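In: Turn this into a model:
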Amino acid sequence: MILPEDFPYITSIYVNDCYTYQNFNIDLIQHQPFSHLILTGKNGSGKSTILRNLNLHLTKAIVEGKNAITEAKNLRELLNNNSLRNSNLTSVPNWEKSVDEFEKITPLFRTEIVPLLFQSRKEIIFTYLSTQRSSNVKDVKVPTRQDEFKQQLEQNYAQSSSYFINYFMQFLINKKVAQAFAQLENNQDGINSINIFFEQLESCFRKIFEDEKLKLVFNKDALKITFILGDGRELSFNNLSDGISALLSIVMDLFVRVELIREDVDDLTFNPCGIVLIDEPETHLHYSLQYNVLPILTTLFPNVQFIVASHSAAIVSSIKNVTIFDLVSKEVLSDDAIGKSFSELMVSHFGLDNEFSDFADDLFEKVNTILKENRNNIPLRNQQLKAILEENERYISPTMRFELEAKISE
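Out: A predicted model of the protein is given here:
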């Protein structure tokens, strides 16, 4: 089994070209045993490009046992050899595309990734989750062998995420059947391990739904599991809000991977090491749940390094042991983000001019205009300012009122 001290976590990423910006380095802070990474920046700054190319590098190592940088160098030599180039004309476009993609970034790892990741792919976690996520969970007809899930890690690693999400209900039903056989055979270890699995799963779902009374209910006749909420409502995996569905897709994928690894190494307490790439984990989520996404994931999967692209101040300020990198300013923010308010982060790290809305900015502009135009007519000035405050009373926060009153008293 690979332990955190031996795993090749990412330590830096040199970005040669992410379309918008070129030639800069992202050095992760040396937290132990690793640092998570959150990439921020405006739309089009290259966050998704970096994640996609990290996925290419890691997939090349895990699935093929090859180093993408070495592969790019070899392909470039082929492209520069006219005789080989001319004899492989149909392959040239693919070679050129591969070189272009592999050379966009150069990730550095704590230890050499090849052949370690290839040889150990059945006991490590790796997945790339793009912005297009949903939990389209298929119905179950009959229980199946768990071997079908294990084969995904051996034969279809690159597409395993969609399989684990789509067949998550199948995985749970198979677990319930295994639990029933363990009870028939009085296999106490088997009973306890499956009980712990479902307890952890239910606890996780309670956090996601923000409902401490949520229960997972197994319907043995219909071969399905549903959610019973604290208010009595019953929900299935496929009639959830877009936000919950998107978050569940992450959790389902990772839960299946961890459980398969634990079964394979015969250690039900083992926390696998790995790297998970997530593009905008906050997608469709309410702000309170945005703040809880990474704490949920890092608690459930403590030896996994999360590399995340995000626009959310809630995401940025939610966890420790993290490097926060702004692709626009190239500034690094560490754990001190946890102590900052969302509004402060929106100004200092997300590029806003101030913490107020456009409505508030317009209101300040009106106040400034009145102050300038009525500098010598104090009664008229005060009358107009009072009218503005009364007209917009319901929209003015205490902080904004303080700023306005300070402006008026200048």
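In: CA only for contacts and neighbour counts going forward, please
Out: OK.
In: Which helix or strand in this structure has the lowest average pLDDT?
Out: Least confident helix or strand of the chain, by mean pLDDT, DSSP states H and E, is helix 342-348 with a mean of 52.
In: Show me what the next helix or strand after it is packed up against.
Out: Using DSSP states H and E, the helix or strand that follows helix 342-348 towards the C-terminus is helix 358-373. Under the contact criterion of 3 or more CA pairs under 8 Å, 6 or more residues apart in numbering; DSSP states H and E, helix 358-373 touches helix 378-391, helix 398-408.
In: What is the burial count for the nearest residue to H286 once chain neighbours are set aside?
Out: Computed as CA to CA, 6 or more residues apart in numbering, the closest residue to H286 that is not its neighbour in sequence is G243, at 7.7 Å. Neighbourhood size, G243 [other CA atoms under 10 Å]: 19.
In: what kind of secondary structure is G243 in?
Out: G243 falls in the helix class when you classify it by DSSP: H, G, I helix; E, B strand; the rest coil.
In: Contacts for stretch 119-133, please.
Out: By CA atoms under 8 Å, 6 or more residues apart in numbering, the surrounding residues in contact with stretch 119-133 are 1-2, 52, 55, 62-63, 65, 117, 153-154, 161, 245-246, 249-250, 254, 257-258, 261, 264-265, 272-281, 283, 304.
In: actually stretch 177-191, sorry about that
Out: Contacts of stretch 177-191 (CA under 8 Å, 6+ apart): 143, 194.
In: buried stuff in it?
Out: For stretch 177-191, burial by neighbour count (16 or more other CA atoms under 10 Å) applies to 178-179, 182, 190-191.
In: Over to stretch 243-262?
Out: For stretch 243-262, by 16+ other CA under 10 Å, it's 243-262.
In: Just these: which are in helices?
Out: With helices defined by DSSP state H, the entries of those inside them are 243-262.
In: if we can go back for a sec, contact partners for the residue nearest to H286?
Out: Neighbouring residues of G243 by CA under 8 Å, 6+ apart: 282-286.
In: burial of the residue lying closest to Y14 once chain neighbours are set aside, as a residue count?
Out: Computed as CA to CA, 6+ apart, the closest residue to Y14 that is not its neighbour in sequence is N25, at 4.4 Å. Residue crowding around N25 was assessed by other CA under 10 Å; the count is 15.
In: How about the secondary structure of N25?
Out: Secondary structure, three-state DSSP: N25 is strand.
In: quick one, what contacts it?
Out: Per CA under 8 Å, 6+ apart, neighbours of N25: 12-15.
In: Any of those buried? List them.
Out: Buried members of the contacts of N25, counted by 16+ other CA under 10 Å: 12-15.
In: Does V276 belong to a helix, a strand or coil?
Out: Classified using three-state DSSP, V276 is strand.
In: My guess is it contacts P302. True?
Out: No. Using CA atoms under 8 Å, V276 makes no contact with P302, being 11.8 Å away.
In: Count the residues that sit near F209.
Out: 15.
In: For it, give me its contacts.
Out: Counting by CA under 8 Å, 6+ apart, F209 has contacts I244.
In: All set now, cheers.
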